[in-house]
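Sequence unavailable; structure follows:
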């Protein structure tokens, strides 16, 4: 058993000259923050060898009593936090975190891209271990693969390191990454990182698999990822920073993420070249699945280190397993083949990877020492935070601030943090046709916790109506519409920045539901999905206290916009989708407009309403309406198009196409009583722009039709479950004002739907 000092990179002499003098006790505490590592030491006898693959995944797991006792003792301490308001507690622990000022210090000193806690943690790993293989650096070629990587801070941290370190400055670095696709609407908001600052600017480097979900726990994706990186001569480093949302079962976090860890390890063993390195985020290591995984890694790598970075909050269970010098696939091939055959989200739930009888006692002893060490550190931190929660004396606060400043200073010195020009950031080295302004106005990261654990558990027992009433959206949802909304949100066009030649169709896994959207606030969408589970809800209510948009008001808007855009007296056509009776329109002409009514794209059926606008038949109908409009209208004409919502990439792209073809696009919500959702008000048709768009939309419509025919049984293999997910690159949809427009419109639509449901 070792403290891991042998794995440390040689660093410059540590001192605090020209700053403040530290007493020996404080200096030791600061230095100790960067020394939380334990390394496994293999016996010289060679008894740590891979078991026969025939015994793998054959027997039920047997828990280790001493490790389970450690788990129980840690959970006893954690249970004292169950009644603490999570926001108040986090504010307190942030103030006591010895490394709490490191991020701000690094941002100031380094101009780092996506400078988050993850950036700082990976920078520590790079500075504490010989992670980059010597052979790769000597050859001047470094290739890395990053699993479960969103938002991408490990990538930007490595970029910063390679651009500022003498040993890697002239190294040719290539990378590829995987994560749950933040743009696939069926990916749950609790598992999908919304922060796409790097992803949107580097999409060609991200692997999302043939179904476009990005789920690395799907077997075919593992093999597809191997093909995706086949152009790399070697794979020198693999990182895996994945986790799940375990907020509701924090005491079982390790068990909940076990299968993900197995999949990440299997992927690393398949991808890595001999001599390569692997970094795996784990948590507590008490369960039999973790014991087996650590033993497997010890058999496959020459050096295994369990590391707690100083910038990882010391009160949580997070650790990084740093694996150096891979033996190579040949050494593990029979077992690796078995892992691949059993690969999937239940890999850790099936049988034990190895029977207890095949785990050497010398390994188990070292593993227990590792667990005891990190358990002690976590318990000490939680206990101290509980003691300080009631209040700190001025002396305690002063000493903590003193240590925090010293820790930030030590970090900058120890890891030789240097400034990097913005022009050398990863997202500035792209070949994308349109550099997008990403994540504008979108909440980043995971959903925010509120209240105490006990309060959140109680909240789950309430009905969706009660949860809305207690939530932050209650006021806006319960408010009656006093006047028509949406008129202030306008897309001014025709949009000229449109790279139609670079558009392409992405088909992938069909959407069973719309669980997240790049074009909607996640909390509202969660409320609507909760309501959708209530089979007794009345989906045809009207609220007599709300004022829907009326026909005369909408046509007045159309006329006013048309005059302001054209300034002539030419008679124009206004194409209106939906029947005259549904709109409440009695005439066939309004002012200078000749009205033409056409079939309305029907809203999804009740049993498909969970898809919102993601239902394939609805999307095909909507696209057919747009194609018909662009073929029918002449210069300066107008269009009124009802939309159920625009949460998906397909319907968002439809709005973008209208933005390209009309001088202005606005919306009205609530729509007239006979119309579902909102109404897109498109004025000032531009035939030249439409001529560029029409061939693409016709191809997409044809592709949708083919998919629907196959789904209905025409020469389709059983199990077919795919649909068109995208036809305009996200780089284009995230530019300009489209995202803000759609977020506003979808918020209005969802709030109105929930408002009506609350009345029923």
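Cool, got the structure. Predicted, not measured: the structure shown is a model, and the values here were computed from it. Residues are numbered from 1 along each chain as shown.

C-alpha only now, for contacts and for neighbours.
Fine.

Quick one: residues contacting residue 312.
Applying CA atoms under 8 Å, 6 or more residues apart in numbering, we find residue 312 in contact with 117, 121, 318.

got these as CSV, with pLDDT columns?
Below are those laid out as CSV (pLDDT from 0 to 100):
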residue, pLDDT
117, 96
121, 98
318, 95
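
By neighbours, which of these wins?
Counting by other CA atoms under 10 Å, residue 121 has the largest number of neighbours within the contacts of residue 312, with 20 neighbours.

Surely that residue is in a helix?
Yes: when the secondary structure is assigned by DSSP: H, G, I helix; E, B strand; the rest coil, residue 121 falls within a helix.

if I pick it, what's in contact with it?
So residue 121 contacts 309-312 (CA under 8 Å, 6+ apart).

returning to what we had before: among the contacts of residue 312, which one lies nearest to residue 621?
Compare each of the contacts of residue 312 with residue 621 using CA to CA and the shortest gap goes to residue 117, at 46.0 Å.

thinking the closest one is in contact with residue 104, fair?
No: Residue 117 is beyond contact range of residue 104, at 10.1 Å (criterion: CA atoms under 8 Å).

Just say helix, strand or coil for the closest residue to residue 558 other than its chain neighbours.
Across the structure, with CA to CA, 6 or more residues apart in numbering as the measure, the residue nearest residue 558 apart from its sequence neighbours is residue 683 (6.5 Å). Reduced to three states with three-state DSSP, the structure at residue 683 is strand.

Just the pLDDT for residue 683.
We have a pLDDT of 95 for residue 683.

next one: residue 567
51.

And the one 10 residues further on, by the same measure?
Confidence at residue 577, expressed as pLDDT, is 93.

how many neighbours does residue 728 have?
Going by other CA under 10 Å, the residues that sit close to residue 728 add up to 24.

scratch that, residue 68 is what I was asking about
Residue 68 has 15 neighbours, counted by other CA under 10 Å.

next one: residue 260
Applying other CA under 10 Å, we find 24 residues neighbouring residue 260.

same deal with the one 3 residues further on?
As a burial measure, the neighbour count of residue 263 was computed by other CA under 10 Å and equals 26.

And it, how far from residue 232?
Taking CA to CA, to the nearest Å as the criterion, residue 263 is separated from residue 232 by 21 Å.

one step back: which of the contacts of residue 121 tops the neighbour count?
Neighbour-wise, the contacts of residue 121 (other CA under 10 Å) top out at residue 311, 26 neighbours.

partners of the residue nearest to residue 558 in the sheet?
residue 638, residue 664 (DSSP bridges).

before we move on, the earlier item: distance to residue 90 added to the contacts of residue 312, as TSV?
Supplementary listing: those in TSV, determined by distance: CA to CA, whole Å:
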residue	distance to residue 90
117	15
121	19
318	16
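
of the residues you listed, closest to residue 46?
Of all these, the one sitting nearest residue 46 is residue 318; the distance, using CA to CA, is 30.3 Å.

ok, that closest one - contacts?
Contact analysis of residue 318 by CA under 8 Å, 6+ apart lists 281-284, 308, 312.

how about 7 Å then?
By CA atoms under 7 Å, 6 or more residues apart in numbering, the residues touching residue 318 are 281-283.

domains for the protein, by residue range?
Recorded structural domains for the chain (assignment: automatic domain parsing) are 5-9+64-420, 482-506+548-759.

Dump those into CSV; add distance to residue 524 as well.
Supplementary listing: the domains of the chain in CSV, determined by distance: least, CA to CA, whole Å:
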stretch, distance to residue 524
domain 5-9+64-420, 12
domain 482-506+548-759, 7
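
all strands of the stretch 501-650 of the chain, in order?
506-509, 572-577, 589-590, 593-598, 638-643 (DSSP state E, counting those that start in this stretch).

what packs against the helix or strand in which residue 161 is found?
Taking DSSP states H and E as the criterion, residue 161 maps to helix 153-164. Contacts of helix 153-164 with other secondary structure elements, assessed using 3 or more CA pairs under 7 Å, 6 or more residues apart in numbering; DSSP states H and E, are made with helix 117-128.
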